[in-house]
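**Q** quick one: sequence and predicted model below, then my questions.
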Amino acid sequence: MPLPYAKILVIRFSSLGDIVLLVPELIRLRRAAPDAVIHLLTRARWAELFAENTYLDEVLTIDGRGPGELARIRCRLARERYDAVVDAHGVLRSLALYHSLRAPRKIMIDKNEIAKFALIAGKTNLYRGVVPHTERYARLFAKLGVPAAGGRVDLPLPASARAAAADAVPPSAPGAPEPVAFAPGARWETKRWPRESYIELMRLAAGRGYSTILIGGSADVETNAGIAAEVSPAPLDLTGRLSILESAAALERCAALVTNDSAPLHLAESVGTPVVAFYGPTVREFGYFPRLPRSVALETELRCRPCSRNGARRCPYGTKECLTAISPRRAMDALAALLAEPEVRA
């Protein structure tokens, strides 16, 4: 039976990885409410993720962070007269909108911030098991009556994105393995596996016959170009050349992605590509570890972890030992094991 809501608003401003993880629930919401008008409010820079989508009626955007911009969007939203408002972010700005908007049904995400603070500040684990962020979203939308249907829901890719990826990533030669992608960037420096380690790992992968690809946004262009110059054979450097959806389509054409704890991880898994991911200042309890069965998380157990909720803080000891202790050889062994395992798509 369809959900009893004619107009629904979902709020999630950022970050890219969190929004990618939200997409399956937006699709399930559309399936559960086929005739409803569904709006998403997000930051303008992430709206391109929903180009040509078929599950949202409109993507509303917020550009600035000041009170004026918040007041502007609040007036815009109030005119819509929503039947249901979903705060899938749980930060001050989203909560301000959530509490100021009138709607018969209003629900907000539970991010268990008390347990996160206790683990960071006091190294006291109050978590009762690990709840992936995708499960937090599923529990949130279940309050509206959205069933948590079984099976994986991949990120829908428009034909234009796949065509651009096909032009950017040529097909592998007959009998040759699919390429391996590398995403050395991350918003926060504390989350980045060392540049020298990426160079060595890419050399090891190339030595085993794998062609390599560099992926990243405009902020990663200089760093990735420097890495590419140190690797032979030279990798295909797509950094800054593709849109978000085109990057996802390029990752769909790869055997695996090697990445930090950042958005490319979730983008790759959203199209079924497994990852080898490096974790330093954050831990599994926060809910952002890889989800695919073949994916691998590499970390170093240290008493100082976690030191940050998202990697924004500098390493308190100035060593980044949690990441530097992960050797390229260990990463290559994990990557080789992943690539040797047969793929089974859900």
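**A** Done, it's in. Numbers count the residues shown, from 1 in each chain.

**Q** list the buried ones in the helix or strand hosting Arg31?
**A** Here Arg31 sits within helix 16-32, counting by DSSP states H and E. Neighbour counts over helix 16-32 (16 or more other Cβ atoms under 10 Å) mark 16-30, 32 as buried. Bear in mind the C-beta positions are built from the backbone N, C-alpha and C, glycine included.

**Q** cool, stretch 122-134 as well?
**A** By 16+ other Cβ under 10 Å, the buried positions in stretch 122-134 come out as 127, 131-134.

**Q** which member of those is positioned nearest Arg72?
**A** Ranked by distance to Arg72 (Cβ to Cβ), the buried residues of stretch 122-134 are led by His133 at 29.3 Å.

**Q** need phi/psi at the closest one.
**A** Reported as degrees, to the nearest 10, the phi and psi values for His133 are phi -60, psi -30.

**Q** that one reaches Gly287, doesn't it?
**A** Yes: His133 is within contact range of Gly287, at 4.0 Å (criterion: Cβ atoms under 8 Å).

**Q** what is the burial count for Gly68?
**A** For Gly68, the count of nearby residues is 9 (other Cβ atoms under 10 Å).

**Q** that one is in what secondary structure piece?
**A** helix 67-78.

**Q** so how far is that helix off the chain centroid?
**A** Taking Cα atoms, centre = their mean, to the nearest Å, the mean C-alpha location of helix 67-78 is offset from the chain mean by 27 Å.

**Q** try stretch 91-106
**A** The answer for stretch 91-106 is 25 Å, by Cα atoms, centre = their mean.

**Q** between the two ends of that stretch, how far is it?
**A** With Cα to Cα, to the nearest Å applied, stretch 91-106 spans 15 Å between its terminal residues.

**Q** so what touches that stretch?
**A** For stretch 91-106, the external contacting residues (Cβ atoms under 8 Å, 6 or more residues apart in numbering) are 5, 9, 11-13, 41, 65, 70, 73-74, 77-78, 82-88, 108, 144.

**Q** now do the buried residues in it.
**A** Using 16+ other Cβ under 10 Å as the test for burial, stretch 91-106 gives 93-94, 97-98, 101, 103, 105-106.

**Q** what of stretch 45-55?
**A** Residues 46, 49-50, 53 are the ones in stretch 45-55 that count as buried (16+ other Cβ under 10 Å).

**Q** and which of the residues you listed is nearest Arg208?
**A** Leu49 (33.6 Å).
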